[in-house]
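A.B. asks: coords below, sequence missing:
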């Protein structure tokens with residue numbers, strides 16, 4: 001007997017719970033920097049790979065999104081992604097060895113990437129009337145999960161050890177998988193993807209580079225803000241609280257943007273504002289070092305939290321149809337995540353060969369200035 005789609009309230013709850021699971025495997029790593037060095041004997045470059053590799057897999061999954069839709073389907077693909085995430089976390093808890101941790105990063109990234117690529121398509125197809133609300137819940141769940149992981153990682157590690165902290169995300173991921181299997185039928189039919197009309201290739205590449213550099217600011221801060229403050233004498237627990245506060249600020253910025261963006265058909269003004277906030281936060285890190293945290297946390301949280309959804313909105317502005325939007329988002333996010341994955345790795349190499357992360361902040365600042373110049377090309381109607 002064919003199962004019907006679930007009630008919107010129950011589905012929304014499960015979507016939020018799934019979102020909670022998509023960042024802990026990365027958000028906990030920065031606060032655990034000293035533990036990873038001491039207990040797992042990882043260098044800064046190896047630690048950076050634990051963030052870089054999942055982001056690369058997120059990009060690969062985004063690029064493969066249309067093929068995943070045709071071959072696996074949204075519901076089964078999301079279930080598979082959660083399964084990979086559970087396995088990756090369990091493997092991490094079994095052996096604190098560099099090869100195992102790096103392999104688990106690839107596995108977790110593949111699972112996260114599949115979920116991120118397929119969930120928006122499922123929401124749009126099955127719950128189109130509530131798509132914006134469900135996507136807001138999904139992205140809010142992602143940020144809340146990152147916050148919880150950042151603030152709890154060090155207290156848990158000091159209580160029960162590093163292995164347990166790295167394996168613990170398997171539990172909520174398993175709960176999400178079980179709920180998903182009960183709430184949504186795996187037999188939801190797959191709709192064959194249409195081949196959309198292509199947009200201007202130069203503009204598509206511009207949007208992809210813009211998304212990539214902007215997301216690089218997020219991945220850099222996620223991976224290296226806690227070690228930066230630890231380097232300046234802050235405790236690991238305190239650095240986790242700083243990252244937690246930053247991710248909460250990102251959530252607030254996302255909500256504010258959602259409420260106000262309709263007032264700005266010309267996206268250039270809000271884009272320049274949020275980029276200026278990020279640039280100001282980076283300059284604060286370079287100028288004040290570890291003597292001040294609230295100002296760079298506020299500036300970076302507001303800027304990064306608004307830039308991610310705004311980048312996607314600008315991308316959608318260039319699409320004429322739903323099929324074209326799907327193809328364009330696949331290209332922009334896929335290539336963009338591959339670009340963004342480089343920044344944590346660069347910072348790790350810098351940290352292994354220099355006493356300070358200032359070079360990484362300066363490089364990211366140059367990237368933000370470049371984005372400001374690119375923003376001027378996003379005039380409405382072009």
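C.D. replies: Structure's in. What do you need? Just so you know, these numbers come straight off a predicted model, no measurement behind them.

A.B. asks: number of nearby residues for the nearest residue to residue 314 once chain neighbours are set aside?
C.D. replies: Leaving aside its sequence neighbours, residue 314 sits nearest to residue 267 (CB to CB, 6 or more residues apart in numbering; 5.2 Å). Heads up, the C-betas are built off the backbone N, CA and C, glycines and all. A count of neighbours around residue 267, defined by other CB atoms under 10 Å, yields 18.

A.B. asks: got the contact list for residue 267?
C.D. replies: The contact partners of residue 267, taken as CB atoms under 8 Å, 6 or more residues apart in numbering, are 261, 310, 313, 314, 317, 378, 380.

A.B. asks: mind checking the SS state of the first one?
C.D. replies: By that I understand residue 261. Secondary structure assignment for residue 261 (DSSP: H, G, I helix; E, B strand; the rest coil): helix.

A.B. asks: that one contacts residue 310, correct?
C.D. replies: Yes. Counting by CB atoms under 8 Å, residue 261 does reach residue 310; the two are 7.2 Å apart.

A.B. asks: what sits in contact with each of those two?
C.D. replies: By CB under 8 Å, 6+ apart, the residues touching both residue 261 and residue 310 are 267, 270.

A.B. asks: comparing those two, which residue is more hemmed in?
C.D. replies: residue 310 (22 against 15).

A.B. asks: can you name the residues that contact that one?
C.D. replies: 257, 261, 267, 270, 271, 274 are the contacts of residue 310 under CB under 8 Å, 6+ apart.

A.B. asks: make JSON lines out of those and add secondary structure and distance to residue 367.
C.D. replies: Formatted as JSON lines, the contacts of residue 310 follow (DSSP: H, G, I helix; E, B strand; the rest coil; distance: CB to CB, whole Å):
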{"residue": "257", "secondary structure": "helix", "distance to residue 367": "21"}
{"residue": "261", "secondary structure": "helix", "distance to residue 367": "23"}
{"residue": "267", "secondary structure": "coil", "distance to residue 367": "19"}
{"residue": "270", "secondary structure": "helix", "distance to residue 367": "19"}
{"residue": "271", "secondary structure": "helix", "distance to residue 367": "14"}
{"residue": "274", "secondary structure": "helix", "distance to residue 367": "14"}
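
A.B. asks: residue contacts, residue 281?
C.D. replies: For residue 281, the contacting residues are 295, 296, 297, 298, 299, 300, 303, by CB under 8 Å, 6+ apart.

A.B. asks: give the contact list for the first one.
C.D. replies: It stands for residue 295. 281, 284, 288.

A.B. asks: in helices, which of those residues appear?
C.D. replies: Among the contacts of residue 295, the ones falling in helices (DSSP state H) are 281, 284, 288.

A.B. asks: pretty sure residue 41 contacts residue 98?
C.D. replies: Yes. With contact defined as CB under 8 Å, residue 41 reaches residue 98; the gap is 7.4 Å.

A.B. asks: who has more neighbours out of those two?
C.D. replies: Each of residue 41 and residue 98 has its neighbours counted (other CB under 10 Å); residue 98 has more, 17 against 11.

A.B. asks: what about the more buried one, distance to residue 39?
C.D. replies: 12 Å (CB to CB, to the nearest Å).

A.B. asks: same question, residue 122
C.D. replies: 39 Å.

A.B. asks: these two: which has the busier surroundings?
C.D. replies: Taking neighbours as other CB under 10 Å, residue 122 and residue 39 compare with residue 122 leading, 20 against 15.

A.B. asks: could you find the closest non-adjacent residue to that one?
C.D. replies: residue 74 (3.7 Å).

A.B. asks: what's the neighbour count on that neighbour?
C.D. replies: Neighbour tally, residue 74, other CB under 10 Å: 25.

A.B. asks: hang on, it packs against residue 121?
C.D. replies: Yes. Using CB under 8 Å, residue 74 is in contact with residue 121, at 5.5 Å.

A.B. asks: returning to that earlier point: which ones among the contacts of residue 267 map onto helices?
C.D. replies: Those of the contacts of residue 267 lying in helices (DSSP H): 310, 313, 314, 317.

A.B. asks: hmm, residue 131 and residue 124 touching each other?
C.D. replies: Yes. Residue 124 is within contact range of residue 131, at 5.2 Å (criterion: CB under 8 Å).

A.B. asks: so where's the stretch 251-382 of the chain shaky on pLDDT?
C.D. replies: 321-323, 380-382 (pLDDT under 70).

A.B. asks: need the strands for it, in chain order.
C.D. replies: Counting by DSSP state E, counting those that start in this stretch, no segments of the stretch 251-382 of the chain form strands.

A.B. asks: for it, what spans make up the helices?
C.D. replies: 268-288, 294-317, 322-340, 342-353, 358-375 (DSSP state H, counting those that start in this stretch).

A.B. asks: cool, the stretch 51-200 of the chain as well?
C.D. replies: For the stretch 51-200 of the chain, applying DSSP H, counting those that start in this stretch gives helices covering 65-71, 74-94, 98-126, 131-160, 162-167, 170-183.

A.B. asks: so which of those gets nearest residue 340?
C.D. replies: Distance to residue 340, taken as CB to CB, is lowest for helix 98-126 among the helices of the stretch 51-200 of the chain, at 12.3 Å.

A.B. asks: mind checking how far the closest one is from the chain centre?
C.D. replies: 11 Å (CA atoms, centre = their mean, to the nearest Å).

A.B. asks: for that helix, which helices and strands make contact with it?
C.D. replies: When contacts are defined as 3 or more CB pairs under 8 Å, 6 or more residues apart in numbering; DSSP states H and E, helix 98-126 packs onto helix 8-20, helix 24-27, helix 44-63, helix 65-71, helix 74-94, helix 131-160, helix 322-340.
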